[in-house]
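1. Here's my sequence, what's the structure:
(one chain, ligands or ions: 1)
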Amino acid sequence: MLKLISIVCAVIFLVHFTTAQEIGDEIRLHSTAKCQKGWFAAGDNCYIYVDKKTSWYNAVHHCNTVLDSHLATIQSAEINKMIIDESKRFGGSNFYIGLLHTNDHLVWSKGDSISYTNFSEMNLKFYVVSVCAVVNNIPASADFGKWSRIPCQQEQPFLCMRPQHAIYTM
Ligand SMILES: *[C@@H]1O[C@H](CO)[C@@H](O)[C@H](O)[C@H]1NC(C)=O
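-> Purely as a prediction, here's the structure:
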């Protein structure tokens, strides 16, 4: 009899314990899978479109200093597609991401390795001067959603990015 009671107690304990764990995990998922107001989530990051035309260098600076973020890195076709789906709301200007082409090398301003690109031009040309990447955001264009290289001084809106889980103060 005592044995039976202890087994029943153990089962009750396990059921309660498992339920509590599940609820805990659920709460944690919901509370972190969010971006601040004005930002949208794609992959592990939050992105924001800044509708302010400026050079690529100033865009890097603005993301860093004003929004505590980085000029956006895009590391997969899935993320590129999520950004393109959002970009219909942006207003039809090509926008900078954090990719610089200098001395025959591609460099992400955030320092990530180059694992994905989606340039509309087929060949990587050698550029004597630095050129910077924009995402083409003219829906009627055949290049929509692909990237182009433009002179870094050209003034364009831009996309900033920061991790979903970090807490920031502004
Ligand atoms: C490049 O972008 C276009 C437009 O968003 C998309 O259709 C295509 O699948 C992309 N290619 C790669 C390799 O991501």
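
2. what's the helix or strand for His62?
-> helix 56-65 (DSSP states H and E).

3. Contact residues of the protein facing the ligand?
-> Proximity of the chain to the ligand (CB under 6 Å from any ligand atom) is limited to residues Ala77, Asn80, Ile84, Asn118, Gly145, Lys146. From N, CA and C alone the C-beta is placed, and that goes for glycine too.

4. Repeat the analysis, applying 5 Å as the threshold.
-> Ala77, Ile84, Asn118, Gly145, Lys146 (CB under 5 Å from any ligand atom).

5. The second one - how many residues pack around it?
-> When you say that, I think you mean Ile84. 18 (other CB atoms under 10 Å).

6. Return the set of buried residues in the helix or strand where Phe158 lies.
-> Using DSSP H and E, Phe158 falls within strand 156-163. Within strand 156-163, the residues that count as buried by 16 or more other CB atoms under 10 Å are Gln156, Pro157, Phe158, Leu159, Cys160, Met161, Arg162.

7. Just the closest of these to the ligand, please.
-> Closest to the ligand out of the buried residues of strand 156-163 is Leu159 (14.4 Å), distances taken as CB to the nearest ligand atom.

8. hey, what's the closest one bridged with?
-> Tyr49 (DSSP bridges).

9. Make sure it is actually in contact with Thr73.
-> No - contact criterion CB atoms under 8 Å: Leu159 and Thr73 do not qualify, at 9.7 Å.

10. in this protein, which spans are helices?
-> Ranges of helices in the chain, per DSSP state H, are 2-32, 56-65, 77-87.

11. count of neighbours near Phe90?
-> Phe90 has 17 nearby residues by other CB under 10 Å.

12. Same question for the helix holding His62: list its buried residues.
-> So for helix 56-65, counting by 16+ other CB under 10 Å, buried means Trp56, Tyr57, Asn58, Ala59, Val60, His62, Cys63.

13. swap in stretch 41-50?
-> Result for stretch 41-50 [16+ other CB under 10 Å]: buried residues Ala42, Gly43, Asn45, Cys46, Tyr47, Ile48, Tyr49, Val50.

14. again, but for stretch 86-105
-> Ser87, Phe90, Ser93, Asn94, Phe95, Tyr96, Ile97, Gly98, Leu99, Leu100, His101.

15. Burial check on the nearest residue to the last one once chain neighbours are set aside, number of neighbours?
-> Spelled out, that is His101. Using CB to CB, 6 or more residues apart in numbering and skipping residues adjacent in sequence, the residue nearest His101 is Val131, 4.8 Å away. Val131 is flanked by 19 other residues according to other CB under 10 Å.
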